[in-house]
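J.: just need the structure, nothing else, for what follows:
(one chain, ligands or ions: 2)
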Amino acid sequence: MGIRVAVAGASGYAGGELLRLIGGHPEFDLVAATAHSQAGLPVAAVHPQLVGLDLVLGRTDPAVLADADLVFLALPHGESAALAATLPDGVRVVDLGADHRLTDAAAWGRYYGGDHAGAWTYGLPELPGQRAMIAGATRVAATGCYAVATTLALAPLIAAGAAEPDDVVVVAASGTSGAGRSAKPHLLGSEVMGDLSPYKVGAHQHVPEIKQATGATGLSFTPVLAPMPRGILATVTALPVDGVPADPRSVLTDAYADAPFVHVLPEGAWPHTAATLGSNSCHLQATVDVDSGRLIVVSAIDNLGKGAAGQAVQCANLMLGLPETTGLSGYGVAP
Ligand SMILES: NC(=O)C1=CN([C@@H]2O[C@H](COP(=O)(O)OP(=O)(O)OC[C@H]3O[C@@H](n4cnc5c(N)ncnc54)[C@H](OP(=O)(O)O)[C@@H]3O)[C@@H](O)[C@H]2O)C=CC1
Ligand SMILES: CC(=O)N[C@@H](CCC(=O)OP(=O)(O)O)C(=O)O
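T.: Ligands and ions are numbered 1, 2, ... in the order given. You can find the predicted model right below:
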């Protein structure tokens, strides 16, 4: 018997990707997968890509989950905190939702509303010192999808004193699975195909999370919905400190020398989403804008991989004393 893991919210997009990764993980045994409106259905009826996984979705009930060694929560914002509070201390928990990411209660109230449940250990192993923090934690709040792509691009530049923290501009495009699987008119094929549309302009909930994770003090973030199922491409620009650009690419290369899933691409090669699909990788490239002198970093991830389920498994591996790469691939699926 391996390590007993359970997934709450298994009928959703992030939950489905978790089930796929757990199925290929050499140390994990899936003991429960739960849902809400779709409880009672076989997993393969909800996720046809998982045919052969003979399990019925249970109800999201603490009694079903408490028997696991580790529980992944892939629930809508606001649902994780109440459930997690009912799980025994001995059960490790990785929450893919936002409930426990922010340390600042005022920022939580401004962007999410309702009671602030308090912060857990932040689940981005590539931040300095964070790998050890995650390894010692029993509760981890995995990073938001846009926050993964942006933070991996920006945090080393601010930490190295290469980028001014007070004037950061990010424009990031996401595939539609980033919005979850529940039916919404603006996500219909007829609405999305052939279109690029900005949304939550000037008021996206990942702004306080990115500022917390990177040390940025002034951040303009514009998300764009893109006509593809998966992937995030974030373009991050910042002013160089004292107006003198350091080589941003070498700052990133040094920062991620020991990070198995972050790849600074060869000079001249630029990240694109298709190359990261199905992987737990983040692809980065950086340069200095010849006109404005701003530092530019482009970052690509699979929002359901490094942006959600892959990153959650990476954190779970660390919490359980396994190599962080166990059961995860840095290679994408193409074409
Ligand atoms: N999609 C993404 O790219 C990313 C998502 N995340 C986070 O992961 C979490 C899940 O996201 P995602 O998979 O996209 O969402 P989905 O909408 O695709 O799935 C939501 C899941 O939660 C269940 N659910 C819905 N309402 C309730 C409720 N009231 N109580 C308990 N369970 C409920 C659904 O069950 P049922 O279908 O049976 O109703 C389903 O299993 C969110 O917190 C999201 O922010 C994080 C990073 C990236
Ligand atoms: C395309 C789209 O709508 N994306 C969602 C991403 C949010 C998400 O998935 O939540 P976390 O990453 O915070 O968990 C949005 O912009 O709100």
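J.: not counting residues beside it along the chain, what's closest to Asp104?
T.: Pro208 (6.4 Å; C-beta to C-beta, 6 or more residues apart in numbering). For the C-beta atoms, the positions are set from N, CA and C on the backbone; glycine is no exception.
J.: surely that neighbour and Tyr111 touch.
T.: Yes. Judged on C-beta atoms under 8 Å, Pro208 makes contact with Tyr111 at a distance of 5.9 Å.
J.: those two: who's more crowded?
T.: Pro208 (22 against 19; other C-beta atoms under 10 Å).
J.: OK, contacts around the more buried one?
T.: 102, 104, 107-108, 110-111 (C-beta atoms under 8 Å, 6 or more residues apart in numbering).
J.: what subset of those is buried?
T.: 102, 107-108, 111 (16 or more other C-beta atoms under 10 Å).
J.: those residues: which ones sit near ligand 1?
T.: Among the buried ones among the contacts of Pro208, no residue is within reach of ligand 1 (C-beta under 6 Å from any ligand atom).
J.: taking these one by one, which sit in strands?
T.: Judged by DSSP state E, those include no members of strands.
J.: coming back round to it: so the residue nearest to Asp104 sits in a helix?
T.: Yes. With DSSP: H, G, I helix; E, B strand; the rest coil as the criterion, Pro208 is located in a helix.
J.: distance check, it against Phe221.
T.: Separation of Pro208 from Phe221 (C-beta to C-beta, to the nearest Å): 10 Å.
J.: next one: Leu30
T.: Leu30 is 36 Å from Phe221, by C-beta to C-beta.
J.: so the two - more neighbours on which side?
T.: Neighbour count, other C-beta under 10 Å: between Leu30 and Phe221, Phe221 has more, with 25 against 20.
J.: identify the bridge partners of that one.
T.: Val170 (DSSP bridges).
J.: now it: how far from ligand 1?
T.: Distance of Phe221 to ligand 1, given as C-beta to the nearest ligand atom, to the nearest Å: 16 Å.
J.: let me know the pLDDT of that residue.
T.: In this model, Phe221 is scored at 98, pLDDT.
J.: so it touches Lys211, yeah?
T.: No. In this structure, Phe221 is not within contact of Lys211 by C-beta under 8 Å, at 9.7 Å.
J.: CSV for the contacts of Pro208, including pLDDT?
T.: Putting the contacts of Pro208 into CSV (pLDDT from 0 to 100) gives the following:
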residue, pLDDT
Leu102, 98
Asp104, 97
Ala107, 97
Trp108, 97
Arg110, 96
Tyr111, 96
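J.: which residues of the stretch 101-250 of the chain fall in strands?
T.: 121-123, 139-142, 163-174, 197-198, 219-225, 232-240 (DSSP state E, counting those that start in this stretch).
J.: pick the most buried one from those strands.
T.: Ranked by mean neighbour count, the strands of the stretch 101-250 of the chain are led by strand 139-142 with a mean of 27 (mean count of other C-beta atoms under 10 Å).
J.: helices or strands up against it?
T.: strand 92-95, strand 121-123, helix 310-319 (3 or more C-beta pairs under 8 Å, 6 or more residues apart in numbering; DSSP states H and E).
J.: any idea which of these gets closest to ligand 2?
T.: strand 92-95 (9.3 Å; C-beta to the nearest ligand atom).
J.: spell out which parts of the stretch 151-300 of the chain neighbour ligand 1.
T.: So the stretch 151-300 of the chain meets ligand 1 at 177-178, 180-182 (C-beta under 6 Å from any ligand atom).
J.: 5 Å instead?
T.: 178, 180-182 (C-beta under 5 Å from any ligand atom).
J.: got a winner among those residues for most neighbours?
T.: Gly178 (24 neighbours).
J.: ok, that residue - contacts?
T.: Gly178 neighbours (C-beta under 8 Å, 6+ apart): 145-146, 232, 303, 307.
J.: change it to 7 Å
T.: 145, 303 (C-beta atoms under 7 Å, 6 or more residues apart in numbering).
J.: now do the helices in the stretch 101-250 of the chain.
T.: 105-111, 130-135, 145-159, 189-192, 206-214, 248-255 (DSSP state H, counting those that start in this stretch).
J.: and for the nearest residue to Gly144 once chain neighbours are set aside, the neighbour number?
T.: Leaving aside its sequence neighbours, Gly144 sits nearest to His206 (C-beta to C-beta, 6+ apart; 5.0 Å). Per other C-beta under 10 Å, the neighbour tally for His206 reads 26.
J.: any idea how far ligand 2 is from His206?
T.: From His206 to ligand 2 the distance is 6 Å (C-beta to the nearest ligand atom).
J.: doesn't Cys145 make contact with that residue?
T.: No. Here His206 lies out of contact with Cys145, judged by C-beta atoms under 7 Å, at a distance of 8.1 Å.
J.: one step back: what separation do you get for the residue nearest to Asp104 and ligand 1?
T.: 15 Å.
J.: try Pro266
T.: 28 Å.
J.: per-residue pLDDT of that residue, please?
T.: 98.
J.: helix, strand, or coil at it?
T.: Applying three-state DSSP: Pro266 is coil.
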